[in-house]
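[1] sequence unknown, structure follows:
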Ligand SMILES: Nc1ncnc2c1ncn2[C@@H]1O[C@H](COP(=O)(O)OP(=O)(O)OP(=O)(O)O)[C@@H](O)[C@H]1O
Ligand code: SF4
Ligand SMILES: [Mg+2]
């Protein structure tokens, strides 16, 4: 027995470290060193907190996203003061035409953007990972069916469909009991984004699974008598989180912008509800007389999308420091 | 059934369908990865299987361990036909027979700690116990020469040799009686090969394992094998007691393989000096007619193309598949008697 207990010579080097670091811990350590990414995380966290506490903040500041303030507007319906009437009362000014507080609308708009972004991401990731793993692992007929579904979905002119189906689908949702108006419209947006979004996740996950399933550790598990569910959940999934996190962090900002775009085009949320897209759509009418109004929601959107993209890139770098996709697997 | 036999393969065949299938039809070609292999592994013995890359060694190992089902033929483990078992019975088979893999990188799940990796067999067999399993895993780590304190470490923190020890510990977890090691040292530095070989040899004696040891070069199995089988393009060309095959190879291919082996004493090399094999291994999709080795054999004659040489005993207890085998002293001696 003791003869086998002799260690490889390089054991000595390793023994000086105390605790083993999992690949996830190592990635987190690398991520934390990225100052810009950490700042972007702080920005996103601020958005989330502010969105969550929008009603509280508005109550404290005595503002409301829907209250009309005629006193802040001049005879032409434009804000009284310079820069859209930025004042102590209205920190970011007021909306031309209605006099609603822009800061309050911005805060409530963040709720819509983040909610759409997070829910759509959650749905696309769940559907995409499940279908991708099953297709890649099972191969054969199941794979053929799922792959045809992805091809078909990708072939659809999705944006056109989203626009064309808005009315019939929101009506349908209202018919089955989703509250009329903005809730139904929001539900539609989330569902339709998920319907077209899962394929991107599924394709990446399927590809990764195809190569993972050929690894010897999968055979090792099988040769010990592991069931398919053990192999999928315990052996494959832990190796898929890295690529999944990367697509998620890069697709989330896409959903945020799409919601803004749809609302901008009048297909998403509609006033008086607050959404950045609605605000942008409204503000272009006043871009000459009140440019501040255009900049505020625009900057809010750009900063959020940028922050998500920076985090997404940093996550990818942290998970894959050599840039050779090795550690993604 | 001979109770002395741990594992037996009878005429195993594994074809992989491949190539362009017709528009509607099934694939029309197949890779003949294993093509009629028969083997016997005695209890407590070591059988070495040797052959060049691509000759079907891993496929044979996967058929033997029932990771894949053979196209035809039989696998018999401890007297029971396991060729087509499934479900619970197959899970029991998995306890009795385990595999050690070739690649120390891809054979360990990078997201699992060493404790999880070596404990996995218990988990999947439904034998996981919160108290007993970690204790047993640490015992196994000690058994293969790993520091049990590294229980919570991850594979990327270990060297190739240590990773292979982890793989060995995992294979031994369920107390198998048969272990199939598929090129367990091929991917390792020469300096650590001997350590792993010694470890396997010691473990075999200590645990009374029946071992199938696969390698692509005869020198590796020399010390460890009691019996060797030489494979070429999916077939066994020579099989017999290690002593006989090493000192007096009968098949030209074995001779060529042996002549490539660096040895201290050239005179102990059965026969002439160094033989260099010409050309590449032909494709297993479309192997040569007759003797599969004939395209590279310096002794090939017309007969070799027309007729396939069968694996026959040359009188010394060694089987050889060649129309013109080497005249070995053993065979000659036996014939003279
Ligand atoms: N799943 C498969 N599908 C199709 N062909 C396969 C498959 N697995 C193996 N083969 C083919 O079967 C032949 C034998 O492969 P195998 O891996 O058994 O060889 P090997 O002797 O283990 O080689 P190596 O020394 O490189 O490990 C090769 O030509 C290989 O391409
Ligand atoms: S049968 Fe003929 S070709 Fe084949 S190994 Fe023997 S001599 Fe060579
Ligand atoms: Mg192999």
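    Perfect, thanks for sending it. No experiment lies behind these values; they were computed from the predicted model shown. Ligands and ions are numbered 1, 2, ... in the order given.
[2] got any ranges where the stretch 151-300 of chain B has weak pLDDT?
    Applying pLDDT under 70 to the stretch 151-300 of chain B picks out residues B:261-274.
[3] residue numbers of it in contact with ligand 1?
    Neighbours of ligand 1 within the stretch 151-300 of chain B, by CB under 6 Å from any ligand atom: B:216, B:284. No exception for glycine: its C-beta is placed from N, CA and C like everyone else's.
[4] what segments of the stretch 151-300 of chain B are helices?
    Using DSSP state H, counting those that start in this stretch, the helices of the stretch 151-300 of chain B run over residues B:160-172, B:190-207, B:218-221, B:242-247, B:252-259.
[5] what's the offset of the fourth one from the middle of its chain?
    In other words, helix B:242-247. 17 Å (CA atoms, centre = their mean, to the nearest Å).
[6] okay, and residue B:18 sits in which element?
    Using DSSP states H and E, residue B:18 sits in strand B:5-21.
[7] equivalent analysis for residue A:76, please.
    Short version, using DSSP H and E: residue A:76 is in no helix or strand.
[8] what about it, distance to chain B?
    Residue A:76 is 64 Å from chain B, where distance means CB to the nearest CB, to the nearest Å.
[9] how about that residue, what does it touch?
    If a contact means CB atoms under 8 Å, 6 or more residues apart in numbering or on different chains, then residue A:76 has no contacts.
[10] mind putting the helices of the stretch 151-300 of chain B into CSV with distance to residue B:99 and mean neighbour count?
    Listed next are those as CSV, based on distance: least, CB to CB, whole Å; neighbours: other CB atoms under 10 Å in any protein chain shown:
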stretch, distance to residue B:99, mean neighbour count
helix B:160-172, 6, 25
helix B:190-207, 13, 17
helix B:218-221, 17, 20
helix B:242-247, 22, 20
helix B:252-259, 24, 24
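[11] hang on, residue B:66 in a strand?
    No: applying DSSP: H, G, I helix; E, B strand; the rest coil, one finds residue B:66 to be coil, outside a strand.
[12] isn't it up against residue B:90?
    Yes: counting by CB atoms under 8 Å, residue B:66 touches residue B:90, with 6.4 Å between them.
[13] where along chain A do the helices fall?
    A:11-14, A:23-33, A:35-52, A:54-61, A:82-85, A:102-138, A:140-155, A:158-175, A:182-212, A:216-223, A:228-230, A:237-264, A:276-283, A:291-319 (DSSP state H).
[14] buried residues of the strand holding residue B:18, list them for me.
    Using 16 or more other CB atoms under 10 Å in any protein chain shown as the test for burial, strand B:5-21 gives B:5-10, B:12-16.
[15] likewise for stretch B:139-153?
    B:140-148, B:150-151, B:153.
[16] and what of stretch A:37-51?
    A:37, A:40-41, A:43-44, A:47, A:50-51.
[17] between these, which is nearest ligand 1?
    Nearest to ligand 1 among these: residue A:37, at 41.7 Å, using CB to the nearest ligand atom.
[18] now do the contacts for the closest one.
    Contact analysis of residue A:37 by CB under 8 Å, 6+ apart lists A:31, A:310-311, A:313-315.
[19] which residue is the nearest non-sequential neighbour of it?
    Nearest residue to residue A:37, sequence neighbours excluded (CB to CB, 6 or more residues apart in numbering or on different chains): residue A:314, at 3.3 Å.
[20] go through the helices of the stretch 151-300 of chain B and name the closest to chain A.
    Closest approach to chain A among these is made by helix B:160-172 (4.8 Å; CB to the nearest CB).
[21] what packs against the closest one?
    Contacts defined by 3 or more CB pairs under 8 Å, 6 or more residues apart in numbering or on different chains; DSSP states H and E place helix B:160-172 against strand B:97-100, helix B:114-124, helix B:132-143, strand B:178-182, helix B:190-207.
[22] run through who's touching the second one.
    Right, helix B:114-124. Contact partners of helix B:114-124, identified using CB under 8 Å, 6+ apart, comprise A:20, A:217, A:220-221, A:224-227, A:230, A:234, B:98, B:108-109, B:112, B:128-129, B:133-134, B:136-137, B:140-141, B:146, B:150-155, B:158, B:166, B:169-170, B:173-174.
[23] what's the angle from that helix to helix B:160-172?
    20 degrees (axes from the mean of the first three to the mean of the last three CA atoms, to 10 degrees).
[24] just the buried positions in helix B:114-124, please.
    Residues of helix B:114-124 classed as buried under the neighbour-count rule (16+ other CB under 10 Å) are B:114-124.
[25] and if you look at stretch A:165-172?
    Applying 16+ other CB under 10 Å to stretch A:165-172 flags A:166, A:169-170 as buried.
[26] just to revisit the earlier point, from the buried residues of stretch A:37-51, which is closest to chain B?
    Nearest to chain B among the buried residues of stretch A:37-51, with distances taken as CB to the nearest CB, is residue A:37, at 22.7 Å.
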